[in-house]
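Student: sequence first, predicted model second:
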Amino acid sequence: MKYSKAYACSGTQKMTIEYSFDDVTRKYWNSIAENYRVAINILTNEFHYGPLVPPDSQLKLLPEKVTNLRCLELGCGIAQNSVYLAKQGAECVAIDISEEQIANARKLAQKENVKIELASFSMEDASCKKLGLFDIVHSSYAISFTQHPGQVIKNCAEMLSTGGILLFSTGHPLFAGEWIDLDGESGLFLQNYFKPEPDSRFDDEGRELVRSSLFPVSVMADWILDAGLKIERILEPEPMPIDKMSEQEISRKVPYASKGWLELYEQLKNVPALIIFKCSKS
């Protein structure tokens, strides 16, 4: 998607500058990077998959040992998962479209005393030619924000070494529904499962700044299979039992949490917010 904006020049001429949706999205994530860092608590002593769900120490999707494995994180944010893997001895590369997020990721890596190769560009631009081959490509709750998720998954497959793993979580299509109360009962209203409504954010002029798109499970599975990968596991995890945890326990044990997500807990006990795919390249 491209936008254009006309600027007045000398006389009656106008200069038209075109800029892509990526440019708009980059500016948005740069603008909220600091608030994102403060508002969302993401641990570095666990590998997380997204809001309120159990860490990999419980889900056990990563290899038992990642020492010396080359790992790539897409849409890394502040790269907490890469920090975790680097602590386990992995060789880590992490990318994000936001320069401010990458700057915060660099500070975190220094604070945690780990080495991570960090770069700022979109997930669509990640390629074998640019980055090389990896044993693990991973992404947590980020692929839904790309304009071309099927192409991103194809690129991931090309960047995997033989026997490599693609491990990603993304928004669950059911989470596009609206939670409603009716006659004392509460539940989900989903108008169209096959074309879920995207989660978009707009500026004051009505211009779309960022979009998280959701897709039927079968569509996502086809992207994976068309990329030549094998689906090893599909998970729709329930949230951790935060209703039985103190605030201190939540901050120490829930790998990804924020005030906003905690307020949605009663819904997430019934409808998954995300889906996780573990895929392999034979």
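Tutor: The structure has been received and is ready for your questions. Predicted model, so just to flag it, every value in this text is computed and none were measured.

Student: hey, where'd the strands end up in the stretch 101-250 of the chain?
Tutor: Shown for the stretch 101-250 of the chain, the strands assigned by DSSP state E, counting those that start in this stretch span residues 116-120, 134-140, 160-171, 178-182, 185-189, 199-202, 208-212, 230-235.

Student: out of these, deepest packed?
Tutor: Mean neighbour count (mean count of other Cβ atoms under 10 Å) peaks for strand 134-140 among the strands of the stretch 101-250 of the chain, with a mean of 25. Yep, even glycine has a C-beta here, placed from its N, CA and C like the rest.

Student: next, count neighbours for Asp243.
Tutor: If you count neighbours by other Cβ atoms under 10 Å, Asp243 ends up with 10.

Student: correction: the previous question concerned Ser31.
Tutor: By other Cβ under 10 Å, the residues close to Ser31 number 13.

Student: dump the strands of the stretch 101-250 of the chain to JSON lines, plus mean pLDDT and distance to Gly75.
Tutor: What follows is the strands of the stretch 101-250 of the chain, written out as JSON lines (pLDDT from 0 to 100; distance: least, Cβ to Cβ, whole Å):
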{"stretch": "strand 116-120", "mean pLDDT": "96", "distance to Gly75": "11"}
{"stretch": "strand 134-140", "mean pLDDT": "98", "distance to Gly75": "5"}
{"stretch": "strand 160-171", "mean pLDDT": "97", "distance to Gly75": "9"}
{"stretch": "strand 178-182", "mean pLDDT": "88", "distance to Gly75": "26"}
{"stretch": "strand 185-189", "mean pLDDT": "88", "distance to Gly75": "27"}
{"stretch": "strand 199-202", "mean pLDDT": "81", "distance to Gly75": "15"}
{"stretch": "strand 208-212", "mean pLDDT": "81", "distance to Gly75": "11"}
{"stretch": "strand 230-235", "mean pLDDT": "98", "distance to Gly75": "19"}
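
Student: in CSV, list the ones you listed along with distance to Trp223.
Tutor: Supplementary listing: the strands of the stretch 101-250 of the chain in CSV, determined by distance: least, Cβ to Cβ, whole Å:
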stretch, distance to Trp223
strand 116-120, 24
strand 134-140, 13
strand 160-171, 11
strand 178-182, 26
strand 185-189, 25
strand 199-202, 20
strand 208-212, 16
strand 230-235, 11
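
Student: between those strands, which one is closest to Lys65.
Tutor: If you check each of those against Lys65 by Cβ to Cβ, strand 134-140 wins as the nearest, at 11.2 Å.

Student: give the pairing partners of that closest one; include direction for each.
Tutor: Strands adjacent to strand 134-140 in the sheet, as given by DSSP bridges, are strand 70-73 (parallel), strand 160-171 (parallel).

Student: so which of the strands of the stretch 101-250 of the chain is nearest Asp23?
Tutor: Proximity of those to Asp23 was assessed by Cβ to Cβ; the nearest stretch is strand 208-212, lying at 10.8 Å.

Student: for that closest one, packing partners?
Tutor: With contacts defined as 3 or more Cβ pairs under 8 Å, 6 or more residues apart in numbering; DSSP states H and E, the secondary structure elements packing on strand 208-212 are helix 21-39, strand 199-202.

Student: quick one: contacts of it?
Tutor: Residues from elsewhere that reach strand 208-212 (Cβ atoms under 8 Å, 6 or more residues apart in numbering): 21, 24-25, 27-29, 144-145, 147, 171, 198-203.

Student: next one: that strand to chain centre, how far?
Tutor: A distance of 14 Å separates the centroid of the chain from that of strand 208-212, by Cα atoms, centre = their mean, to the nearest Å.

Student: that strand vs strand 160-171, what angle?
Tutor: Strand 208-212 and strand 160-171 meet at an angle of 110 degrees, taking axes from the mean of the first three to the mean of the last three Cα atoms, to 10 degrees as the criterion.

Student: what lines up beside strand 208-212 in the sheet?
Tutor: Each strand that pairs with strand 208-212, with its direction, by DSSP bridges: strand 199-202 (antiparallel).

Student: contacts for the strand it pairs with, please.
Tutor: The contact list for strand 199-202 (Cβ under 8 Å, 6+ apart) reads Tyr28, Gly171, Ala176, Glu208, Leu209, Val210, Arg211, Ser212, Leu214.
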